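*Asks:* After the sequence you'll find the predicted model.
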Amino acid sequence: MKIKDIFKLVIFTLLSVSFVTAQSEKQKALEAERQRILKEINQLNSLNRQVKKKETSVLKQVEDVNYKITIRQNLIKVTNDQANQLTREINTNQKEITTLRDQLKELKEDYARMIVKSYKSKSEQSKVMFLLSSDNFKQAYKRLQYINQYKGYQKKQAEDIKAKTLKLQDLNLELSKQKEDKNKLIAENRKVKKELEAEKKAQDELMALIRKDLKKYTAEIRQKRQEADRIDKEINRLIREAIATSNKKAGKKTSTGKFVLTPAGKALSVNFGANKGKLGWPVDRGIVKLKFGLQRSLIDRTVTENSFGIRIATENNAKVKAVFKGEVSRVMLIKNSNPAVLVRHGDYLTIYRNLSKIYVKAGDKIETGREIGEVFTNRTTGESLLYFRINKNDKNLDPEKWLTKR
């Protein structure tokens, strides 16, 4: 094999290893996401079993079916991405197998020529005679070096053949497993697609029922939206009040809607900010039923909901935990609504609303994971919903960007 060919082979091998590693990492990430979605589906099914004997409104049924459809669509997309990624990895492995087979063939041919040459050399004259026929000691030494180098080269060729053969076997096994994994993913996707079709059919039936009395359901949605707006506005007012009270105690008067921080408060705020995407969940088990930001009603697209936090469906009587260490700023008592707890972390705030029991009081210093109360369970619907918000001063943040992925 020429030096130029060897150089090309080394470069190709390095690039192949780098590409395969990148593909493998992507496959791991996709599988982790798929497992997360499957876990979310299992949690949803578990929560639905808890409330199946309760009275369920048509609007809630629409919400639940739509949520299921969204999850199934996400699962199908991720599974398709995995199958496509596996196809790319299979193609890469097949190319590498072809390259290895060519290399192995060339190595074996080279090795065979070397063995034949070695045999002929041995039959024509012994190595001893080859050394003794030297004109001087220096030539004899060089001949001895040549013999040893030739032996080493033979040994290296044999080792290379063995290594290439083992790698080829491993690649063939990996290729078989990849094809098997791909077939499993395709089969799973077929099953999920059937479930998705059934859920879309159920959604169509519910929407047909709603259209028969659209005014009634639209009025119900608007009423719920107005009540939610009222509660959010009250919480926003209480947050601004908490900021003003804190600043007044610190001897500062400001109307900027921002906390005046002590050195300790600044350190706590920096620590909280450094944990973005790493905060634990406020409940052990739960799924996000309402996301942050502007949402449009499924029933009437003219009705919007600007969600200042997220709504988490969880288990009955679920314990609520502080997502980060801090101080209980206040327990919020809101008219026609269940209590909420406001916890301060420097100039960050976490709000836990719709509680049935509260274990803390204003001024309590709490650590991460401290139980602060229990989620209220609606006796009529059987639902347990925690409304969770994160603020920096009076600015609303998307909690899902701060919580760790499950």
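*Replies:* Yep, it's here.
*Asks:* Can you show me the strands along the stretch 201-350 of the chain?
*Replies:* Listed in chain order, the strands of the stretch 201-350 of the chain (DSSP state E, counting those that start in this stretch) span residues 286-290, 293-296, 304-307, 310-314, 319-321, 326-332, 340-345, 348-353.
*Asks:* So what are the sheet partners of the shortest one and their directions?
*Replies:* Strand partners for strand 319-321, identified by DSSP bridges, are recorded as strand 371-375 (antiparallel).
*Asks:* Show me the shaky parts of the stretch 201-350 of the chain.
*Replies:* 254-255 (pLDDT under 70).
*Asks:* Show me where it has its helices.
*Replies:* Under the criterion DSSP state H, counting those that start in this stretch, helices of the stretch 201-350 of the chain are mapped to 214-249, 263-274.
*Asks:* Could you identify the helix or strand that succeeds whichever strand or helix holds residue 391?
*Replies:* For residue 391, the element it lies in under DSSP states H and E is strand 385-392. Where DSSP H and E defines the elements, the next helix or strand beyond strand 385-392 is strand 395-397.
*Asks:* Identify the residues contacting that following strand?
*Replies:* Residues outside strand 395-397 that contact it (Cβ atoms under 8 Å, 6 or more residues apart in numbering) are 292, 308, 309, 389, 390, 391. Any C-beta I mention is one placed from the backbone N, CA and C, and that applies to glycine too.
*Asks:* can you put the helices of the stretch 201-350 of the chain in TSV and add distance to residue 396 and mean neighbour count?
*Replies:* Below are the helices of the stretch 201-350 of the chain laid out as TSV (distance: least, Cβ to Cβ, whole Å; neighbours: other Cβ atoms under 10 Å):
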stretch	distance to residue 396	mean neighbour count
helix 214-249	8	15
helix 263-274	16	14
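*Asks:* Of those, give the one that comes closest to residue 360.
*Replies:* Closest approach to residue 360 among the helices of the stretch 201-350 of the chain (Cβ to Cβ): helix 214-249, 15.1 Å.
*Asks:* What is the distance between the closest one and the centre of its chain?
*Replies:* 32 Å (Cα atoms, centre = their mean, to the nearest Å).
*Asks:* Give the other helices and strands that that helix contacts.
*Replies:* helix 58-124, strand 304-307, strand 326-332, strand 340-345, strand 348-353 (3 or more Cβ pairs under 8 Å, 6 or more residues apart in numbering; DSSP states H and E).
*Asks:* Tabulate those (a markdown table), appending distance to residue 27.
*Replies:* What follows is these, written out as a markdown table (distance: least, Cβ to Cβ, whole Å):
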| stretch | distance to residue 27 |
| --- | --- |
| helix 58-124 | 5 |
| strand 304-307 | 34 |
| strand 326-332 | 39 |
| strand 340-345 | 37 |
| strand 348-353 | 36 |
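*Asks:* Nearest to residue 280, out of these?
*Replies:* Set against residue 280 and scored by Cβ to Cβ, those come closest in strand 348-353, at 11.3 Å.
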